[in-house]
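Undergrad: Sharing a model that was predicted from the sequence below.
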Amino acid sequence: MKNLYVLEINSNFNGRNMIIFPVLICDGAEMVLVDTGIPGQTELFKAEAEKKGISLENLTKIVITHHDIDHIGSLAEMKREFKNVKVVSSEIEGDYITGEKESARLEHMRNNFDKFTEERKQWFVKYQDISKKLERIEVDILLKDNEMIPGCSKIRAIQTPGHLPGHMSVYAEESRTLIAGDALGLMDGKLFINSQNTLDMSKAKDSVRKMLELNIDNIVCYHGGLFRGDCKQALQDILNSQN
Ligand SMILES: [Zn+2]
């Protein structure tokens, strides 16, 4: 994929192992990172980018798809470390990322706490604690649907609500790649909507319908990585099979 690099970051978050796949895209003088992992991962990101011959010192934008902690965890430290970076999000997510509004995720989980297993209850208490302690920073640029990332000519924001109300994906035109964030998950080679973590399934499916209007050759999921199959067919399959 031209000018697009999928990073693979191994993490242990709140007692669970997970691999995340943030994406780096170059567009002229701009270097854009999509999502920042859990707290304390800046060095890991730097090392992973270096393996691909890229120095994150040249980073100009960080796009945050949504305010879940595994996406904004290292945002404040990266902003400090990489001096030229501007932080970009959707208009809705802005206040959640800065912490001005309480996390929609925490609120949703708290409302469903009584239905959780004992293990999930314990996990949530720790998750809430990590979220509340997280260092917050300002968002520099708020984008509407279909807007270009400022400074770029081939990287667009696509609003894809559902997982969270202001979730935003990124479309890299040059390589016809959709960086789906958590609007889609990938497991065992199959794309799906992670219904357990999706606040509004109906909106999430509308977002998939919207993706079908784009010319997509590749899809990158933050959880699951690169999907290279027939993207249109896979998106259609989600609409046909998931309620
Ligand atoms: Zn996530």
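TA: Done, it's in. All of these numbers come straight from a predicted model, not from anything done at the bench.

Undergrad: residue contacts, Asn218?
TA: The neighbours of Asn218, taking C-beta atoms under 8 Å, 6 or more residues apart in numbering as the test, are Met1, Ser175, Arg176, Thr177, Leu178, Leu226, Phe227, Arg228, Cys231. From N, CA and C alone the C-beta is placed, and that goes for glycine too.

Undergrad: For the spatially most central residue of the chain, which residues count as its bridge partners?
TA: When the chain is reduced to its mean C-alpha position, the nearest residue by C-alpha atoms, centre = their mean turns out to be Gly181, at 3.4 Å. Under DSSP bridges, the beta-bridge partners of Gly181 are Cys221.

Undergrad: By mean pLDDT, point me to the weakest helix or strand of this structure.
TA: For the chain, counting by mean pLDDT, DSSP states H and E, strand 9-13 ranks last in confidence among helices and strands (a mean of 88).

Undergrad: so what does whichever helix or strand comes after that one touch, helix or strand wise?
TA: For strand 9-13, the succeeding helix or strand toward the C-terminus, using DSSP states H and E, is strand 16-20. With contacts defined as 3 or more C-beta pairs under 8 Å, 6 or more residues apart in numbering; DSSP states H and E, the secondary structure elements packing on strand 16-20 are strand 9-13.

Undergrad: how about the strand it packs on, does it reach the ion?
TA: No. Using C-beta under 5 Å from the ion as the criterion, no contacts between strand 9-13 and the ion are found, and the smallest distance is 9.7 Å.

Undergrad: Thanks a lot, catch you later.
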